[in-house]
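Asker: Got a sequence here, can you build the structure:
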Amino acid sequence: MEVSIVMVAILVLVFITIALGVRLVPQGSKHVVQRLGKYHKTLPPGLNIIIPYIDNVAYKVTTKDIVLDIPSQEVITRDNAVIIANAVAYINIVTPEKAVYGIENYEIAIQTLVQTSLRSIVGEMDLDDALSSRDQIKAKLKGAISDDISDWGITLKTVEIQDINPSPTMQKAMEEQAAAERGRRATVTRAEGEKSAAILEADGRLEASRRDAQAKVVLAEATKEAVERVAAAVKDQELPVMYLLGDKYVDAMREMAESDNAKTVVLPADIPAAVRGILGGR
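Answerer: Purely as a prediction, here's the structure:
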């Protein structure tokens, strides 16, 4: 009975020893092995053998690309505008022992490094440049942190700026500024339109006055010529003149009688005498 117990214990011990010595590392991972508390080697994917009870797997590290979400943060631009920016970084661990022994927590370290570098880069830009230069910020950000994380055995595949927007307070100020600018442009446009209309109206009055003056000159010249011709034709004969004046006199009286304001029209009994009175009482 005692022999059987010893055999079972030996078999269990052998099984445990084999289990501790044989390591299967899955594809996409690497295991960091320590021997007596000190780094010994890194196990690649596949079957690996280590010394039981002396060696142990201290860290299991993925070699797949890791996506790190960089939290949003407030960033102040060169012209003192506050914007909200966040990013996402794609990293790959190429040297696991450096990643686990070189930094306490490489994920937090990279997030912090990206945030500080982003603040530094945007702080050297004006608001308009920061909002419209994502590719430039991305390139500077990648260049700024690639060398630093390479010391930790990590490669930065790429870093993308997810959002870069003005803060709510800044957004409201920008909207008010844009509204004020649109109002100013509308006022200027309206004033320019009124100015152009006034100029055109003044030009119209000037042209009309000029033409009225020309018309009066032409009419005066025509009247002068007509008087001269009548005087030359009549000479000393009074009867034709009286006929013409009498005809005009009758037309004038007719217009007066047809006027809406006319109440009573009094005609002289001796029209020829009235016409002679117009000619000077001869």
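Asker: rest of the way, CA atoms for contacts and neighbours
Answerer: Will do.
Asker: Centre of the chain to the helix or strand containing I149, how far?
Answerer: Assigned by DSSP states H and E, I149 belongs to helix 134-150. The gap between the average C-alpha position of helix 134-150 and the chain average comes to 27 Å, counting by C-alpha atoms, centre = their mean, to the nearest Å.
Asker: Stretch 172-191 too?
Answerer: Here stretch 172-191 is found 14 Å from its chain centre; the criterion is C-alpha atoms, centre = their mean.
Asker: Which residues belonging to that stretch are considered buried?
Answerer: Residues of stretch 172-191 classed as buried: none (neighbour count, 16 or more other C-alpha atoms under 10 Å).
Asker: Tell me which stretches of the stretch 101-250 of the chain form strands.
Answerer: With DSSP state E, counting those that start in this stretch as the criterion, the stretch 101-250 of the chain has strands at 154-166.
Asker: In CSV, list the C-alpha atoms belonging to the helix holding I149.
Answerer: This file holds the C-alpha atoms of helix 134-150, laid out as CSV (Å, rounded to 0.1, in the frame of the first residue of the first chain):
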residue,chain,number,x,y,z
ARG,A,134,-4.3,67.2,-39.4
ASP,A,135,-1.8,65.6,-41.7
GLN,A,136,1.0,68.0,-40.6
ILE,A,137,0.2,67.3,-36.9
LYS,A,138,0.1,63.6,-37.6
ALA,A,139,3.5,63.6,-39.2
LYS,A,140,5.1,65.7,-36.5
LEU,A,141,3.5,63.5,-33.8
LYS,A,142,4.8,60.3,-35.3
GLY,A,143,8.3,61.8,-35.7
ALA,A,144,8.3,63.0,-32.1
ILE,A,145,7.4,59.7,-30.3
SER,A,146,8.9,57.1,-32.6
ASP,A,147,12.4,57.4,-31.3
ASP,A,148,11.3,57.5,-27.7
ILE,A,149,9.3,54.3,-27.8
SER,A,150,11.9,52.4,-29.9
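Asker: That one packs against which elements?
Answerer: Counting contacts by 3 or more C-alpha pairs under 8 Å, 6 or more residues apart in numbering; DSSP states H and E, helix 134-150 is packed against helix 106-123, strand 154-166.
Asker: what packs against the first one?
Answerer: By that I understand helix 106-123. For helix 106-123, the packing partners by 3+ C-alpha pairs under 8 Å, 6+ apart come out as strand 66-76, helix 134-150.
Asker: and of those, who's closest to L219?
Answerer: For those, the distance to L219 is smallest for helix 134-150, at 78.0 Å, taking C-alpha to C-alpha.
Asker: Now do that closest one, average pLDDT.
Answerer: On average, the pLDDT along helix 134-150 is 90.
Asker: Same question for stretch 11-31.
Answerer: Mean predicted confidence for stretch 11-31 is 92.
Asker: what residues does it touch?
Answerer: For stretch 11-31, the external contacting residues (C-alpha atoms under 8 Å, 6 or more residues apart in numbering) are 42-53, 57-64, 96.
Asker: Redo the helices and strands packed on helix 134-150 as TSV? Include mean neighbour count.
Answerer: Output for those, formatted as TSV (neighbours: other C-alpha atoms under 10 Å):
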stretch	mean neighbour count
helix 106-123	18
strand 154-166	18
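Asker: The stretch 151-282 of the chain: helices as residue ranges?
Answerer: Counting by DSSP state H, counting those that start in this stretch, the stretch 151-282 of the chain has helices at residues 168-234, 239-258, 271-279.
Asker: Quick one: closest of the helices and strands packed on helix 106-123 to P168.
Answerer: The closest of the helices and strands packed on helix 106-123 to P168 is strand 66-76. By C-alpha to C-alpha, the value is 11.1 Å.
Asker: how about the closest one: buried residues?
Answerer: Buried residues in strand 66-76, counted by 16+ other C-alpha under 10 Å: 68-70, 74-76.
Asker: got the angle between it and helix 106-123?
Answerer: For strand 66-76 against helix 106-123, the angle by axes from the mean of the first three to the mean of the last three C-alpha atoms, to 10 degrees is 40 degrees.
Asker: ok, strand 66-76: who's next to it in the sheet?
Answerer: Applying DSSP bridges, strand 66-76 is found paired with strand 82-93 (antiparallel).
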